[in-house]
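>>> With the input below, show me the fold.
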Amino acid sequence: MDENLGQMKLSPPEGDEQPLTAEEIDELMPQIPEWDIPQEGGIDKLRRTFTFGNFAQALDFTNRVGEIAEQHRHHPIITLTWGRATVTWYTHSIGGLHENDLIMAAKTDESYASE
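Model prediction:
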């Protein structure tokens, strides 16, 4: 894929859409190399923990990710602790990863890079 994930627009999943295949994920992952793909309850998810110097910086980042999520109407799971924010993306409606999740992971990385 030639297009930068962070510049792509989200598309709503179709009703009969399937999660991305392992091959499709492998093609896109080089653009978001610091993300892991844990499987929970048989569902692939994207997860990355971001580190900060204190709680306030982690909270500020969490709020920025929340603003991005609201703009795109696609929301992550965020766990906030002192100096860390863990962000998890997946698409509930298809029970796995959609291209939107990888796009949002790239947008999350961009927000962190602007720290």
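>>> Now do the helices in this structure.
22-28, 55-72, 99-113 (DSSP state H).
>>> Can you give me the buried ones in the longest one?
Within helix 55-72, the residues that count as buried by 16 or more other CB atoms under 10 Å are 58, 61-62, 64-65, 68-69. For glycine as for every other residue, the C-beta is placed from the backbone atoms N, C-alpha and C.
>>> Quick one: residues contacting the spatially closest residue to K9 that is not a sequence neighbour.
Of all residues not flanking K9 in the chain, I103 sits nearest, at 7.8 Å (CB to CB, 6 or more residues apart in numbering). Applying CB atoms under 8 Å, 6 or more residues apart in numbering, we find I103 in contact with 5-6, 8-10.
>>> How about L10?
72-74, 100, 103-104.
>>> Including pLDDT and distance to E14, could these go into a markdown table?
Shown next, in a markdown table, are these (pLDDT from 0 to 100; distance: CB to CB, whole Å):
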| residue | pLDDT | distance to E14 |
| --- | --- | --- |
| H72 | 95 | 17 |
| R73 | 94 | 16 |
| H74 | 95 | 15 |
| N100 | 96 | 12 |
| I103 | 97 | 16 |
| M104 | 97 | 18 |
